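In: Just the structure for this:
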Amino acid sequence: MKKIEKIIELGGRKLTLRTGVLAEQAAGSILASYGETVVLATVATAKLPQDLGYFPLTVEYQERLYAGGRIKGSRWVKREGRPSDDEILTARLIDRSLRPLFPQNYKKDVQVMVTVLSVDIENDPTILSAIAASAAVAISPIPWKGPVASLRVGKKNGTYFANPLDSEMAFSEMDLVVSLTKDAVIMIEAGAKEVSEEVILGGIEFAQGEAKKILGAIEELTKEVGLEKEPTPEDAVSTEIKSKVKKLIGDKVEGLIKGMAAHEGGLVELDEVKQAVIAELSEESPQVLNAAVEKLVKEAAREMTLKGKRVDGRALDEVRPLSAQVGVLPRTHGSAIFQRGQTQVLSVTTLGAPSLEQLIESAEGEESKRYIHHYSMPPYATGQTGRVGYPSRREIGHGALAEMALEPVIPTNDVFPYTIRVVSEVTSSNGSTSMASVCGSTLSLMDAGVPVVRAVSGIAMGIVLKDAKKHVVLSDILGMEDYMIGDMDLKVAGTETGITALQLDVKTLNLTKDILEKALSQAKEGRAKILKMLVETLSEPRAKVSIHAPKIKVVKIAPEKIGEIIGPGGKMIRKIIAETTAQVEVEDDGSVNISGTTEEAVNAAVERIEGLTKEVVAGEIYEGEVKRIQPFGAFVEILPGKDGLVHVSDMKEEFVSDPNEVVKIGDKVQVRVKEIDDLGRINLSMLLDPSKDKPRGERREGGGGGPRRPFPRRDFGPRRPSGPHFPASRFIDSKKKSFGR
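Out: Alright, predicted model coming up:
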């Protein structure tokens with residue numbers, strides 16, 4: 001294999017594509033680097049023993065922990081296991097960028113694998129992997145209408161920038177990923193801080209300009225490699241077969257379309273028709289006949305839609321009937337049901353302590369998430385049977401999209417110090433369950449008392465496109481309009497202020513900016529209608545969290561005070577937990593998270609912690625409790641763990657011979673901080689008027705007790721011998737840092 005290298009500048013940094021370095025037996029391999037981030041992308045093909053009836057493309061993305069110089073944190077398992085959610089989402093992004101460019105009737109098994117070999121923390125391997133995968137397929141013999149370029153676009157202070165560093169993304173108004181060819185947009189994935197449609201379109205236009213560099217480099221690389229592409233397979237459905245099938249089922253097509261529009265389970269009826277056609281035309285290939293039936297139904301439905309009549313009879317911009325209710329589950333912290341047509345989602349919110357946030361380990365390091373959104377769609381949602389177990393890639397993708405849509409309105413940790421988990425259970429599906437999850441989850445969060453900034457609604461848009469002039473944009477698409485007749489699936493979520501998330505997938509290479517602009521405008525109208533219904537259902541978040549939710553408060557203390565909260569050997573913090581029943585978690589930055597089942601328990605713990613960390617100031621007056629009585633005075637606890645001495649001469653203006661005549665253990669008394677001496681000891685006085693104090697060293701007439709004596713030294717017995725044969729270090733526990741007995 002030839003060793004060829006192409007270098008371009010992208011986002012102010014060099015991006016290098018090399019072939020002929022690794023994996024020379026693959027159909028195509030690219031070693032790509034961007035900064036010190038390096039990925040290997042390969043593509044391989046194999047003949048299938050039988051026609052599966054679809055294009056079997058698989059995309060795998062693997063992050064090796066060694067790429068960041070890390071070893072897995074698990075004590076027992078040190079090798080990488082099943083892919084993380086982030087790896088699956090990256091694999092889906094690459095798949096969605098490549099798949100539309102393969103011939104529909106190409107049936108070989110194609111596997112694209114991307115392995116992250118090195119990461120430099122700043123240059124995200126996701127975009128580099130998509131570019132490398134595009135180049136690997138482009139230089140291979142596999143028929144493909146590429147190349148495709150992928151870019152991440154950020155925006156700050158009105159300026160767009162390409163492939164921002166990870167540190168720059170924190171200041172960006174949006175995180176927009178676009179995959180495109182020279183002429184068309186193929187895929188979009190975007191999270192944004194309530195930006196307008198115009199901002200999104202501007203980002204796409206900016207990406208089109210930057211993509212020319214990537215496309216040019218891949219095209220040059222492909223020419224220099226010089227491999228010939230396999231011929232594109234001819235369409236297996238001939239005109240003759242199509243005509244035979246039409247004669248058999250022509251009168252049933254309209255009924256099939258109505259059945260499939262009514263529910264996603266309508267595919268069962270389609271399968272029955274296919275079986276009947278196969279039995280009648282037994283001399284033909286079953287796979288070809290299946291394809292012929294689907295093609296006939298699809299063409300009929302598309303023609304109907306292009307004439308302005310949707311398969312379920314709605315207007316092009318009409319949203320299906322809406323309904324919602326909140327507080328549907330008695331013991332959960334927040335719950336809501338959202339329904340749009342036959343699509344129904346139950347969303348449930350659970351609140352937890354900050355320590356329950358999700359920890360994520362990757363080659364770049366560890367990070368945590370305090371807001372987590374999961375999506376589940378069981379087989380019964382479409383009236384079918386199927387596998388149940390770990391979540392599918394589709395479920396992970398839909399959950400991530402809903403999470404991205406709601407994240408901009410989730411309150412910050414200092415406002416709402418909870419870990420938040422939302423689960424969207426799809427109980428009935430007929431199109432756009434991911435956007436229904438967004439709507440239901442907005443209500444569920446508000447029902448749980450989460451003070452979301454604004455309500456978020458979402459809608460799925462479709463397009464049926466014959467050519468640049470003849471096309472229709474569909475609002476709130478059905479399942480059939482998505483998977484069978486539509487050329488575009490555009491999901492848009494946002495608030496009344498702007499877009500928070502956007503996802504686009506296409507089956508056509510003719511999607512222009514003008515068509516996309518029209519779809520976004522129509523989506524805005526649909527979102528507004530849905531948002532109005534959500535606000536009517538629940539206008540604002542509950543004033544308080546559920547009685548079943550934990551009560552949480554955060555106290556900020558100076559980091560140097562952490563030791564006072566913990567106490568020697570954890571004695572103090574264990575005492576607080578035992579006496580108040582609240583859980584106390586101390587962070588390194590001085591944040592103390594206090595959680596409990598009741599407000600009383602939490603408030604009691606807060607009071608203890610504030611008392612332990614509060615600085616005692618001379619002149620302040622406290623109400624304290626008498627803890628010990630000695631002949632020379634009484635020790636009064638003025639704050640948790642902090643007590644001072646009231647000398648007998650400071651108990652009354654007149655002579656006091658015995659402190660027991662004035663106070664008893666457990667008495668509540670008001671005391672004034674007279675002074676804090678050089679050793680940090682607190683001297684108190686029950687004479688609240690400072691003018692009654694006597695000068696230092698002067699005793700009152702007949703004063704009792706004499707001057708305050710220093711605390712007596714505790715006698716620990718004879719000193720241990722020391723010297724060459726008895727070093728002191730022998731008696732020190734190095735782990736506990738304390739003298740051993």
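
In: When you work out contacts or count neighbours from here on, use the C-alpha atoms and nothing else.
Out: Will do.

In: Model confidence for the nearest residue to residue 644 once chain neighbours are set aside, exactly?
Out: Once flanking residues are discounted, residue 644 sits nearest to residue 682: 4.6 Å by C-alpha to C-alpha, 6 or more residues apart in numbering. What the model reports for residue 682 is a pLDDT of 89.

In: same check, this time on residue 254
Out: Listed pLDDT for residue 254 reads 84.

In: packing partners for the helix or strand hosting it?
Out: Element membership of residue 254 [criterion: DSSP states H and E] is helix 253-262. Packing contacts for helix 253-262, counted by 3 or more C-alpha pairs under 8 Å, 6 or more residues apart in numbering; DSSP states H and E, involve helix 267-280, helix 286-306, helix 479-480.

In: Can you tell me which of those is most buried?
Out: Stretch with highest mean neighbour count among these: helix 479-480 (a mean of 23; mean count of other C-alpha atoms under 10 Å).

In: Run through who's touching it.
Out: Residues outside helix 479-480 that contact it (C-alpha atoms under 8 Å, 6 or more residues apart in numbering) are 260, 261, 263, 264, 429, 430, 431, 432.

In: pLDDT for those - can I get that in JSON lines?
Out: Converted to JSON lines, the contacts of helix 479-480 look like this (pLDDT from 0 to 100):
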{"residue": "260", "pLDDT": "82"}
{"residue": "261", "pLDDT": "82"}
{"residue": "263", "pLDDT": "72"}
{"residue": "264", "pLDDT": "65"}
{"residue": "429", "pLDDT": "93"}
{"residue": "430", "pLDDT": "91"}
{"residue": "431", "pLDDT": "87"}
{"residue": "432", "pLDDT": "89"}
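
In: Below-threshold pLDDT in the chain: ranges please.
Out: 1, 264-267, 468, 694-741 (pLDDT under 70).

In: mind redoing it with 80?
Out: Applying pLDDT under 80 to the chain picks out residues 1-2, 49-54, 234-237, 262-269, 467-469, 614-615, 640-641, 680, 691-741.

In: longest helix in it, by residue count?
Out: Of all segments of type helix in the chain, defined using DSSP state H, the longest is helix 197-225.

In: List the buried residues for that helix?
Out: Buried residues in helix 197-225, counted by 16 or more other C-alpha atoms under 10 Å: 197, 199-201, 203-204, 206-208, 210-212, 214-218, 221-222, 225.

In: on that earlier part again, want to throw the helices and strands packed on helix 253-262 into CSV with distance to residue 586?
Out: As requested, the helices and strands packed on helix 253-262 are arranged in CSV below (distance: least, C-alpha to C-alpha, whole Å):
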stretch, distance to residue 586
helix 267-280, 56
helix 286-306, 61
helix 479-480, 49
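
In: out of the ones you listed, which comes closest to residue 9?
Out: Proximity to residue 9 (C-alpha to C-alpha) singles out helix 479-480 among those, at 42.3 Å.

In: following the closest one, which helix or strand comes up?
Out: Moving toward the C-terminus from helix 479-480, the next helix or strand (DSSP H and E) is strand 488-494.

In: how far is that following strand from where the chain is centred?
Out: Strand 488-494 has its average C-alpha position 19 Å from the chain's average C-alpha position, going by C-alpha atoms, centre = their mean, to the nearest Å.

In: Report the strands that pair with the next helix or strand after it, each with its relative direction.
Out: With elements assigned by DSSP H and E, the helix or strand that comes after strand 488-494 is strand 499-506. The strands beside strand 499-506 in its sheet (DSSP bridges) come out as strand 185-195 (antiparallel), strand 488-494 (antiparallel).

In: residues of whichever helix or strand comes after strand 499-506 that come out buried?
Out: Sequence-wise, the next helix or strand downstream of strand 499-506 (DSSP H and E) is helix 513-537. Residues of helix 513-537 classed as buried: 515-516, 519-520, 522-528, 530-531, 534 (neighbour count, 16+ other C-alpha under 10 Å).

In: Mind giving me the packing neighbours of helix 513-537?
Out: Under the contact rule (3+ C-alpha pairs under 8 Å, 6+ apart), helix 513-537 is packed against helix 197-225, strand 322-326, strand 457-465, strand 471-475, strand 488-494.

In: Could you check the angle the last one makes with strand 457-465?
Out: Orientation note: strand 488-494 sits at an angle of 160 degrees relative to strand 457-465 (axes from the mean of the first three to the mean of the last three C-alpha atoms, to 10 degrees).

In: Which residues does strand 488-494 contact?
Out: With C-alpha under 8 Å, 6+ apart as the test, strand 488-494 has contacts from 194, 405, 435, 438, 456-464, 482, 499-508, 520, 523, 527.

In: hmm, 6 Å instead?
Out: With C-alpha atoms under 6 Å, 6 or more residues apart in numbering as the test, strand 488-494 has contacts from 405, 456-463, 499-506.

In: same deal with stretch 590-598?
Out: Under C-alpha under 6 Å, 6+ apart, the answer for stretch 590-598 is 550-559, 582-586, 602.

In: Any of those residues buried? List them.
Out: Applying a neighbour-count criterion of 16+ other C-alpha under 10 Å, the buried members of those are 550, 551, 552, 553, 554, 557, 582, 583, 584, 585, 586, 602.

In: rewinding a little: the residue nearest to residue 644 contacts residue 642, correct?
Out: No. Between residue 682 and residue 642 there is no contact, the gap being 8.7 Å when judged by C-alpha atoms under 6 Å.

In: Which one of these two is surrounded by more residues?
Out: Neighbour totals were compared for residue 682 and residue 642, and residue 682 leads with 22 against 18 (other C-alpha atoms under 10 Å).

In: is the more buried one in a bridge, and if so with what?
Out: For residue 682, the beta-bridge partners are residue 676 (DSSP bridges).

In: re earlier: tell me the spacing between the residue nearest to residue 644 and residue 689.
Out: For residue 682, the distance to residue 689 equals 17 Å [C-alpha to C-alpha, to the nearest Å].

In: sorry, back to before: which of the buried ones among the contacts of stretch 590-598 sit farthest apart?
Out: Spatially, the most separated pair among the buried ones among the contacts of stretch 590-598 is 550 and 557, at 22.2 Å (C-alpha to C-alpha).

In: before we move on, the earlier item: out of the helices and strands packed on helix 513-537, which comes closest to residue 293?
Out: Closest of these to residue 293 is strand 457-465, at 19.6 Å (criterion: C-alpha to C-alpha).

In: which neighbours does that closest one have in its sheet, and in what orientation?
Out: If you go by DSSP bridges, strand 457-465 pairs up with strand 471-475 (antiparallel), strand 488-494 (antiparallel).

In: quick one: residue 552 from residue 545, how far?
Out: Here residue 552 is placed at a distance of 10 Å from residue 545 (C-alpha to C-alpha).

In: What residues does residue 78 make contact with?
Out: residue 72.

In: how far away is residue 322 from residue 437?
Out: 14 Å.

In: what do you get for residue 629?
Out: Note on residue 629: its distance to residue 437, by C-alpha to C-alpha, is 65 Å.

In: next one: residue 87
Out: Look at residue 87 and residue 437: by C-alpha to C-alpha, they are 22 Å apart.
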